[in-house]
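Peer 1: Sequence first, then the predicted structure, then my questions.
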Amino acid sequence: MRRPILISLLVLLLSTMSPAAEAVQLKIATVAPDGSFWMTEARKAADEVSERTYGRVSFRFYPGGTMGDDGAVQRKMRIGQLHGGVFIAGSFAHAVPDLQIYTLPLLFSTYEEVDAVRAKMDAPLIEALAEQGFHSFGFIEGGFAYIYSTKKAASFADLEGQKAWLPENDPIGKVLIEEASLSPVPLSLADVLTGLQTGLVDVVTGPPVAAVALQWFTKVKYAIEYPVVYTYGTMVLSNKAWDRLSADDQKIVEEVLTAMTETLDRRAREDNKGARRALESQGVETLTPPADTERQWQELARRSSARLEKELGLSRSMLDAIEAEIAVLGAGSTGSR
């Protein structure tokens, strides 16, 4: 009689136990090359998550753009081949158009303006991403993008007619190039250096870290000292992948990846300062636009932003809130670019 009773008790015990949490491997793509500071921090974060979840959550990274551009990565997320990635924030404009507002031409002139706006506006943008199926761990600064040229150029007259790189799927870049009377040359990021080497393009725009990391400095000779656009990105998981994690594991992943994102966000500004020094040491000359061209730059911003607000369906209420926040700081801000 004892044996049947013991078996019954064992069955009852097993039936009341919670099943073991499913082990989940999250596949993440990024254009950051292996060995970069970004990948170093990402692997540290992955190790911490694996340790704290006792191996229930692990990561597999695909660095160096091996999974394609932002659009290709998002397509692979939709079919489950990937679970997340690191993106230029504007690549989610199809889901959240207002993610492009931060990158409107000449919207910000100093980092103090950026910090004041982001302190209030990041949260609603991240929430909007979640509503569209993407779990973001925060935004990562790319920094101010500057114009680099193979030909001496500090004014609109100097730039007019030059051949400018137009990134793939970049409506803001397209409008800015058109309004500045430049000739757009669509190229993938991987083809930009070759374009500079062959003379296919004369002008490229990006943060100093990009000009160094992508070796543009080997061909460009001049940089215009004017922050054309602010760039930023985000690391996201699909909500479908996020929901596979238990509540406890979600808490751990959220804590670790948010901390990683904040580290990368803070580091970007110092990296860009160092990159500017590196560019100067490589002979890239920084040119200050003539004082009498300030009105031309502002008019370019006005025309471009008016077009983009309409064409991209940007929120006028968010634009008003950002402009009001910038106005509070005062037009005479002496903050750093």
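Peer 2: Nice, I can see it. Nothing here was measured: the structure is a model prediction, and the numbers come from that model.
Peer 1: where along the stretch 1-150 of the chain do the helices fall?
Peer 2: Shown for the stretch 1-150 of the chain, the helices assigned by DSSP state H, counting those that start in this stretch span residues 2-16, 37-52, 70-78, 111-131.
Peer 1: for the stretch 151-300 of the chain, that is, sorry about that
Peer 2: So, for the stretch 151-300 of the chain - with DSSP H, counting those that start in this stretch - the helices run 156-159, 171-179, 192-198, 208-213, 239-242, 247-281, 294-312.
Peer 1: which one of those helices is the most hemmed in?
Peer 2: helix 208-213 (a mean of 22; mean count of other Cβ atoms under 10 Å). For glycine as for every other residue, the C-beta is placed from the backbone atoms N, C-alpha and C.
Peer 1: which residues are in contact with that one?
Peer 2: Residues from elsewhere that reach helix 208-213, judged by Cβ atoms under 8 Å, 6 or more residues apart in numbering: 33, 36, 142-143, 145-146, 148, 204, 216-217, 220, 223, 268, 271-272, 275-276, 278-279, 284.
Peer 1: give me that answer again for 7 Å
Peer 2: By Cβ atoms under 7 Å, 6 or more residues apart in numbering, the list of residues contacting helix 208-213 from outside reads 143, 146, 148, 217, 220, 271-272, 275-276, 278-279.
Peer 1: In this structure residue 224 contacts residue 145, no?
Peer 2: No - the pair residue 224 and residue 145 does not pass the contact test of Cβ atoms under 7 Å, sitting 10.7 Å apart.
Peer 1: Bridged to the residue most central in space within the chain, which residues?
Peer 2: Central residue of the chain (Cα atoms, centre = their mean): residue 233, 1.6 Å from the mean position. For residue 233, the beta-bridge partners are residue 88, residue 140 (DSSP bridges).
Peer 1: Now for it: which residues touch it?
Peer 2: 86-89, 140, 142.
Peer 1: ditto for residue 106
Peer 2: 228, 297-298, 301.
Peer 1: Taking those residues, tell me the two that lie furthest apart.
Peer 2: 228 and 298 (12.4 Å; Cβ to Cβ).
Peer 1: re the thing from before, output the contacts of residue 106 as a markdown table; include the columns pLDDT and distance to residue 182.
Peer 2: Below are these laid out as a markdown table (pLDDT from 0 to 100; distance: Cβ to Cβ, whole Å):
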| residue | pLDDT | distance to residue 182 |
| --- | --- | --- |
| 228 | 93 | 12 |
| 297 | 90 | 14 |
| 298 | 91 | 18 |
| 301 | 91 | 15 |
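Peer 1: Return the member of those residues nearest to residue 254.
Peer 2: residue 228 (34.2 Å).
Peer 1: Report how many residues lie close to the closest residue in space to residue 95 that isn't next to it in sequence.
Peer 2: Leaving aside its sequence neighbours, residue 95 sits nearest to residue 132 (Cβ to Cβ, 6 or more residues apart in numbering; 3.8 Å). For residue 132, the neighbour count with other Cβ atoms under 10 Å is 11.
Peer 1: how close does residue 132 sit to residue 126?
Peer 2: Between residue 132 and residue 126 the computed distance is 11 Å (Cβ to Cβ, to the nearest Å).
Peer 1: next one: residue 28
Peer 2: Residue 28 is 18 Å from residue 126, by Cβ to Cβ.
Peer 1: Tell me which of the two has more neighbours.
Peer 2: residue 28 (22 against 19).
Peer 1: can you list the contacts of helix 208-213 in a markdown table and add pLDDT?
Peer 2: As requested, those are exported to a markdown table (pLDDT from 0 to 100):
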| residue | pLDDT |
| --- | --- |
| 143 | 96 |
| 146 | 96 |
| 148 | 97 |
| 217 | 96 |
| 220 | 97 |
| 271 | 94 |
| 272 | 96 |
| 275 | 96 |
| 276 | 96 |
| 278 | 97 |
| 279 | 97 |
